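S.K.: with the sequence up front, the predicted model follows.
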Amino acid sequence: MDKSAQREIDALFDRAEAAGACLVAPSAPIAQRLRRRVARGDVVSPRRGVFARASRWRELDPGERDLHVMRALGAKHPDWVFCGPSAALAHGLWVPWRLCGTIRVARPCDERGGQRRVAGIRWVRGRVGERTIAAGLLVTSLDETVVSCLREARFVDGLGIADSWARMTRLGSADLLARVDRLGARRRGAPGARLTASCCDGRAENGGESYARAVMLLLGYAAPQLQVRIPDPLDRWRTNRVDFLWETAGGDRVVGELDGLVKYVDPAHMGGLGSEQVRARERLRESRLAVPGVSVMRFSMGDVSDRRRFSRLLECYGVPRATGAAAVLARRLRAPRTARRRQGRVRASTMACVKARPRSSGDASGPSGATGPIAETSAATNPASRSHASSASRVGAARKTLPSA
């Protein structure tokens, strides 16, 4: 490649990086040169026709990579409306990295014709509501975006999105529930979205704390108080804020502190201090918290990821278990999707029985009391009904052999 072409491509990369986007080749010859550089390893192509410097690409986290790709695709296809977790990134919501990597593009229900499959892009068919511009991209509205994310994501991932929405809007779980009912009712994933919305709390400072709290609830422990200020025992005008706080039945307190590396390596969180000074400050702060009647439990994201280990840790420190309505909520959180799939199979089996039922005026029994052809159809479509019918026949035969009282 001659030097003039090299300078031209470098200038294109500089402009794209300044805009926070990947490079879309403006012509076929430049695209061919870029593909040769991809083969050499100094350029990457995350999507077809989209390029980035390999050194720059390695510096980006998964969310930033998605935004760079979306800006390139948005420039290439101005009519595309990004939705779901992709739109959440543009709105500035916290999105777990496991939901990144696939760009979601909305496709209206009334749009005819199919879309060509493209690697790394998912076409989301459904109602496209209000649209807005966020981070220079055409995306679904904030409310539509958060409801879509909660319908798609698991509870441990969706709670962080819901918490970040609450922090951004300064609204609570009741407001989010109202939006789920208005925008997500009778749509797939609505029950799980309602459960997640009912647990959201904008006091959570980051996605890591939201993820840890979600795991606590799934394990059946009581919901903690968030970001509580505890008075300093030596200075009544000074307080120390803690991530999580529980109060036991005996009147003791358990403090939970999520340890992350950000406070030790990010200058924005270090307050102009060195790493060792920050660690010394944290040790002093913990000593002021660990007064009689208060236990301080420190844990990392590695502890949270190992749920069995994390449950033992919470148990050792005496974190109370959920009771009453909170315990019922914990049971519902553990398997909402499984329960919905089971309900769907039961409905499908019932509909098969109803469709196979003969339209005779003398047959007035419903699917539960069906006989003859209906019972045969139900047994053929549902193996569980065959075993139940055989069990019932055995019980009936046994009853006939018993002497009458």
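M.R.: Everything's here; your move. These numbers come from a predicted model, not from an experiment.

S.K.: pLDDT below threshold where in the stretch 151-300 of the chain?
M.R.: For the stretch 151-300 of the chain, the stretches flagged by pLDDT under 70 are 260-278, 281.

S.K.: the helices in it, which residues?
M.R.: Using DSSP state H, counting those that start in this stretch, the helices found in the stretch 151-300 of the chain span residues 155-169, 173-183, 190-198, 207-218, 262-265, 267-270, 275-289.

S.K.: got the contact list for the nearest residue to Arg203 once chain neighbours are set aside?
M.R.: Distance criterion C-beta to C-beta, 6 or more residues apart in numbering; nearest residue to Arg203, sequence neighbours excluded, is Leu226 at 4.0 Å. C-beta: built from backbone N, CA, C; applies to glycine. Residues counted as contacts of Leu226 (C-beta atoms under 8 Å, 6 or more residues apart in numbering) are Asp201, Arg203, Ala204, Glu209, Arg213, Asp243, Phe244, Leu245.

S.K.: can you do 7 Å?
M.R.: Residues in contact with Leu226, defined by C-beta atoms under 7 Å, 6 or more residues apart in numbering, are Asp201, Arg203, Ala204, Phe244.

S.K.: list the residues that contact Pro320.
M.R.: Neighbouring residues of Pro320 by C-beta under 7 Å, 6+ apart: Ala222, Trp246, Thr248, Ala249.

S.K.: if we use 6 Å, what do you get?
M.R.: Ala222, Trp246, Thr248 (C-beta atoms under 6 Å, 6 or more residues apart in numbering).

S.K.: same check on Leu333?
M.R.: Contacts of Leu333 (C-beta under 6 Å, 6+ apart): Phe155, Leu195, Leu217, Leu218.

S.K.: make a markdown table out of these and add neighbour count and distance to Trp97.
M.R.: Shown next, in a markdown table, are the contacts of Leu333 (neighbours: other C-beta atoms under 10 Å; distance: C-beta to C-beta, whole Å):
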| residue | neighbour count | distance to Trp97 |
| --- | --- | --- |
| Phe155 | 22 | 17 |
| Leu195 | 20 | 23 |
| Leu217 | 22 | 21 |
| Leu218 | 19 | 20 |
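
S.K.: how about these in TSV, adding distance to Thr239?
M.R.: As requested, the contacts of Leu333 are exported to TSV (distance: C-beta to C-beta, whole Å):
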residue	distance to Thr239
Phe155	32
Leu195	34
Leu217	27
Leu218	31
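
S.K.: name the nearest residue to Arg53, sequence neighbours excluded.
M.R.: For Arg53, the closest residue by C-beta to C-beta, 6+ apart turns out to be Phe13, at 5.6 Å.

S.K.: quick one: contacts of the helix or strand hosting that neighbour?
M.R.: Assigned by DSSP states H and E, Phe13 belongs to helix 3-18. Outside helix 3-18, the residues within contact range by C-beta under 6 Å, 6+ apart are Leu23, Arg53, Arg56.

S.K.: now the buried members of those.
M.R.: In the contacts of helix 3-18, burial by neighbour count holds for Leu23, Arg53, counting by 16 or more other C-beta atoms under 10 Å.

S.K.: could you list which of the contacts of helix 3-18 belong to helices?
M.R.: Taking DSSP state H, the ones among these that sit in helices are Arg56.

S.K.: return the closest of the contacts of helix 3-18 with respect to Val124.
M.R.: If you rank the contacts of helix 3-18 by distance to Val124 using C-beta to C-beta, Leu23 comes first, at 26.1 Å.

S.K.: burial count for the closest residue in space to Glu286 that isn't next to it in sequence?
M.R.: Nearest residue to Glu286 in three dimensions, chain neighbours excluded: Val296, at 5.6 Å (C-beta to C-beta, 6+ apart). Neighbour count for Val296, taken as other C-beta atoms under 10 Å: 17.

S.K.: ok, now Ser173?
M.R.: Neighbours of Ser173 under the rule other C-beta under 10 Å: 17.

S.K.: what sits against it?
M.R.: Contacts of Ser173 (C-beta under 6 Å, 6+ apart): Ala197, Ser198, Cys200.

S.K.: if we go to 10 Å?
M.R.: Ser173 sits next to Ala162, Asp163, Ala166, Thr196, Ala197, Ser198, Cys199, Cys200, Asp201, Gly202 when contact means C-beta atoms under 10 Å, 6 or more residues apart in numbering.

S.K.: relative to Thr323, which of those is nearest.
M.R.: So of the contacts of Ser173, ranked by how close each gets to Thr323 (C-beta to C-beta), first place is Cys199, at 16.2 Å.

S.K.: how close does the spatially closest residue to that closest one that is not a sequence neighbour get to Pro108?
M.R.: In space, and not counting its chain neighbours, Cys199 is closest to Leu159: 6.0 Å by C-beta to C-beta, 6+ apart. Here Leu159 is placed at a distance of 30 Å from Pro108 (C-beta to C-beta, to the nearest Å).

S.K.: neighbour count for these two, which is higher?
M.R.: Applying other C-beta under 10 Å to Leu159 and Pro108 shows that Leu159 carries more neighbours, namely 31 against 11.

S.K.: residues in contact with that one?
M.R.: Applying C-beta under 10 Å, 6+ apart to Leu159 gives the contacts 96, 150, 153, 195-197, 199-201, 204, 207, 209-215, 217-218, 333.

S.K.: how about Ala249?
M.R.: Residues counted as contacts of Ala249 (C-beta under 10 Å, 6+ apart) are Gly318, Pro320, Thr323.

S.K.: can I assume the last one is in contact with Ala223?
M.R.: By that I understand Thr323. No. Contact criterion C-beta atoms under 10 Å: Thr323 and Ala223 do not qualify, at 11.3 Å.

S.K.: give me the common contacts of these two.
M.R.: Contacts common to Thr323 and Ala223, judged by C-beta under 10 Å, 6+ apart, are Ala330.
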